[in-house]
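*Asks:* Give me coordinates for this.
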Amino acid sequence: MREARRGEADDAPRPRGRLRGWAHTLLSLTSLRLRLVTVFALVALVAAVSVSGIAYWLNRDAVLTRAQDSALSDFSQSLGDRAGALPDQPTCDALRLMAGRVANRTFHYEVVLEDSRLPEGDCRAESDPTVFTHEMVPDSLRDAVRDRREEQPEDDQYHLYWQRISIDGDPYLVGGAQVIGGGPAGYLLASLAPERDDLNSLAVSLGVATALAVIGSVLLAQGAATMVLRPVQRLSNAARRLGEGKLDTRLAVRGADELAELTRTFNNAAASLEAQVEDLSERETSSRRFVADMSHELRTPMTAITAMTELLEDEVETLDPRIAPAVQLVVSETRRLNDLVENLMEVTRFDAGTAKMVLDDVNIADQVTACIDARAWLDAVHLDADRSITARVDPRRLDVILANLIGNALKHGGSPVRVTVREHADDEGGRLVSVEVADQGPGIPEDVLPHVFDRFYKASASRPRSDGSGLGLSIAMENAHLHSGDITVHNDPVGGAVFTLRLPHDPGLPEDRADDPDSGQETAPGRGGGSTVPRGKPTTAPAPRRAAPGGDAPDGDGHVSGGRGAGPSGDGGRGARGAGEAAGVENDDGAAEEDRR
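*Replies:* Prediction:
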């Protein structure tokens, strides 16, 4: 027997898969653990689906081929055996009897026989008309059988044709052949439902196996990710501790893989960083000690020099007019140098954490008035303040802040300067006092704004020489920090720079130890620590003895300094002392000494 198979009905092409958005989502996952587990799961899923698909396809082909080969082989043999028993001129009843005998209940198929050479004409014999009729045979299959019979009517071999069809959702096999020697044509209908059920059971089993494989791969991936990421997590924690300043952080090196090499690199980097930081710290400490020692050593001779220059200034009218300008220059530069020394000493106190506070309940409006009155700025400053606003502050340090901010505004923005004092609630329910100083100038360049509180910062390198020391605004900010406050600056949209001082109503510093009979001092922490000062109850800053329109104003680079340069009126007379002693400065033993002018 030779088979010639036509196209199968279930060989329709299947749509190809496309790359979906999950690929982009997978790549964008931020958790390394999640990405590892996801990749493991996807690899396992693809592998399991591929293996299951191949296994299902191979089993499906084997099951269907075995079922259809068995049915077609039995049909061919039964058709040949029964056709030999037909008479030379068979009747339609004989064909019906033959159809019933050819039908095989073992392989669950029914038969239709067709013969057009009978004396009574065309005859179609059906083994079970309720199951399989001639009309159910596909036209393509009938045409194939008829064409074969017409082309080779005397062929001595069977030519079977088959096709899979679906009836009411159930799969069936339809086959057809022409009896050798010009006999009837036979067709069979075999149900493939048992094979379909077997394949469905196989698909369910493979699906369960795939799901279990994916779940197992996820669990394995989780364990593998934990093992891989544990050193990475330790490295991350160590890097975080290193960033917090714990420079002695080190990790134990285990193994000789890439992670071990990364750990060694981290340890080497941490050791190098620790050594460099220690070196820089030693250099900074040495530099601060040098500045402090230098300022301290310069203070005594500067006091004597200042006294002599003031004496010369008092006698300038009796001197030769030709040397008077030189005397004025010496006096001015001596005062400027003295202010620089005082400012440097103040800065060293901040850096060492020994800056001292003498707190008292102060009326802020009165404090501002005293500051501008002491420096003869009343005509150049407009004050808008509620006279009932009070705060617990150090009056001397508040005077330093105000002198720097107002003097800075007068020098660079011109008059009138607007000073506004307000009280409002903070984010934590407490009370804040804000002092806003706004000038009428062109404002501060945007690239300079972030640096206005830096020490010795100059906006233009072409102007290294200025009237001030370049420390005024920095000292003002440090004094604000001592009060748990701060200073901000921005440019007003309508013009001019606006400095805003914000101070808490009570800085929350340690209370006075008034009940301690053995203690006559109070403690106030600086930025780096705390120190004690004699108890005092000042309410406003003491005015300098000789005030003029000049004052603590910024140098040409935008920083407040302690110069005695001309004030808003252009007067070259002596104004208030520098930022470090606008209302007196601390001497070495912590007491406040009065301005000698």
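
*Asks:* what about K246, helix or strand, and which?
*Replies:* K246 belongs to no helix or strand when assigned by DSSP states H and E.

*Asks:* residues touching A365, list them.
*Replies:* If you count contacts by Cβ atoms under 8 Å, 6 or more residues apart in numbering, A365 has them with 383, 385-387, 389, 421. For glycine as for every other residue, the C-beta is placed from the backbone atoms N, C-alpha and C.

*Asks:* which of the residues you listed count as buried?
*Replies:* 385, 389, 421 (16 or more other Cβ atoms under 10 Å).

*Asks:* what sits against the second one?
*Replies:* By Cβ under 8 Å, 6+ apart, the residues touching I389 are 363-365, 421-423, 433.

*Asks:* ok, L242 - how many residues close by?
*Replies:* 18 (other Cβ atoms under 10 Å).

*Asks:* what sits up against stretch 295-302?
*Replies:* Counting contacts by Cβ under 8 Å, 6+ apart, the residues outside stretch 295-302 that touch it are 334, 337-338, 341-342, 344-345, 348, 588.

*Asks:* Just the closest of those residues to Q68, please.
*Replies:* Of all the contacts of stretch 295-302, T348 has the smallest distance to Q68: 101.6 Å, by Cβ to Cβ.

*Asks:* Could you save the buried ones among the contacts of A365 as JSON lines and add columns showing distance to S140 and pLDDT?
*Replies:* As requested, these are exported to JSON lines (distance: Cβ to Cβ, whole Å; pLDDT from 0 to 100):
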{"residue": "A385", "distance to S140": "104", "pLDDT": "87"}
{"residue": "I389", "distance to S140": "102", "pLDDT": "88"}
{"residue": "V421", "distance to S140": "101", "pLDDT": "92"}
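
*Asks:* Just the ones in strands from the residues you listed, please.
*Replies:* Within the buried ones among the contacts of A365, residues falling in strands by DSSP state E are 385, 421.

*Asks:* of all the buried ones among the contacts of A365, which comes closest to V400?
*Replies:* Lowest distance from V400 to those (Cβ to Cβ) belongs to V421, with 17.0 Å.

*Asks:* hmm, back to that, which among the contacts of stretch 295-302 end up buried?
*Replies:* Here, 16+ other Cβ under 10 Å leaves 334, 338, 341-342, 344-345, 348 buried among these.

*Asks:* Summarise which helices and strands the helix or strand where F499 lies is packed against.
*Replies:* Using DSSP H and E, the element containing F499 is strand 497-504. Secondary-structure packing of strand 497-504 (3 or more Cβ pairs under 8 Å, 6 or more residues apart in numbering; DSSP states H and E): strand 390-393, helix 395-413, strand 431-438, helix 472-482, strand 486-491.

*Asks:* Dump it to CSV, keeping only the CA atoms.
*Replies:* C-alpha atoms of strand 497-504 as CSV (Å, rounded to 0.1, in the frame of the first residue of the first chain):
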residue,chain,number,x,y,z
ALA,A,497,19.3,92.6,47.6
VAL,A,498,17.3,91.3,50.6
PHE,A,499,19.1,89.7,53.6
THR,A,500,16.8,88.0,56.1
LEU,A,501,17.9,87.1,59.7
ARG,A,502,15.7,84.4,61.4
LEU,A,503,16.1,83.7,65.1
PRO,A,504,14.1,81.5,67.3
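
*Asks:* who touches it?
*Replies:* Residues outside strand 497-504 that contact it (Cβ under 8 Å, 6+ apart): 391, 393, 398, 401-402, 405, 408-409, 412-413, 426, 430-439, 441, 443-444, 480, 483-492.

*Asks:* Helices along the stretch 51-200 of the chain, start to end?
*Replies:* Remark: helices assigned in the stretch 51-200 of the chain by DSSP state H, counting those that start in this stretch are 92-102, 139-151, 193-243.

*Asks:* what's the most buried one of these?
*Replies:* The highest average neighbour count among the helices of the stretch 51-200 of the chain, using mean count of other Cβ atoms under 10 Å, belongs to helix 92-102 at a mean of 19.

*Asks:* Report all helices and strands that it contacts.
*Replies:* Packing partners of helix 92-102 (3+ Cβ pairs under 8 Å, 6+ apart): helix 32-83, strand 109-115, strand 123-126.

*Asks:* which stretch among the ones you listed comes nearest G223?
*Replies:* For G223, the closest of the helices and strands packed on helix 92-102 is helix 32-83, at 10.0 Å, according to Cβ to Cβ.

*Asks:* pLDDT of that closest one, averaged?
*Replies:* The average of the pLDDT scores along helix 32-83 is 84.

*Asks:* Show me which residues of the strand or helix carrying V341 are buried.
*Replies:* Assessed by DSSP H and E, V341 sits inside helix 324-352. Going by neighbour count (16+ other Cβ under 10 Å), the buried part of helix 324-352 is 327, 330-332, 334-336, 338-352.

*Asks:* Let's see if you can find the most crowded of the contacts of I389.
*Replies:* Ranking those using other Cβ under 10 Å puts I364 first, with 25 neighbours.

*Asks:* Correct me if wrong: that residue contacts A385.
*Replies:* Yes: with contact defined as Cβ atoms under 8 Å, I364 reaches A385; the gap is 6.8 Å.

*Asks:* okay, and the common contacts of those two?
*Replies:* Contact with both I364 and A385 is made by residues V421, according to Cβ under 8 Å, 6+ apart.

*Asks:* Could you give the bridge partners of E436?
*Replies:* T420, T500 (DSSP bridges).

*Asks:* isn't it right next to V417, touching?
*Replies:* No: shown here, E436 and V417 do not form a contact pair, counting by Cβ under 8 Å, at 10.6 Å.

*Asks:* When these two are compared, which one has more neighbours?
*Replies:* The neighbour comparison of E436 against V417 (other Cβ under 10 Å) goes to V417, with 25 against 17.

*Asks:* what about the closest residue to that one other than its chain neighbours, how many residues close to it?
*Replies:* Excluding its sequence neighbours, the residue lying closest to V417 (Cβ to Cβ, 6 or more residues apart in numbering) is A409, at 4.4 Å. Number of residues near A409 (other Cβ under 10 Å) recorded here: 31.

*Asks:* ok, back up a step: may I see the buried ones among the contacts of stretch 295-302 organised as JSON lines, with pLDDT and distance to E126 added?
*Replies:* Output for those, formatted as JSON lines (pLDDT from 0 to 100; distance: Cβ to Cβ, whole Å):
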{"residue": "T334", "pLDDT": "81", "distance to E126": "133"}
{"residue": "N338", "pLDDT": "76", "distance to E126": "129"}
{"residue": "V341", "pLDDT": "74", "distance to E126": "125"}
{"residue": "E342", "pLDDT": "74", "distance to E126": "124"}
{"residue": "L344", "pLDDT": "72", "distance to E126": "120"}
{"residue": "M345", "pLDDT": "72", "distance to E126": "122"}
{"residue": "T348", "pLDDT": "72", "distance to E126": "117"}
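
*Asks:* And the furthest pair within those residues?
*Replies:* T334 and T348 (21.4 Å).
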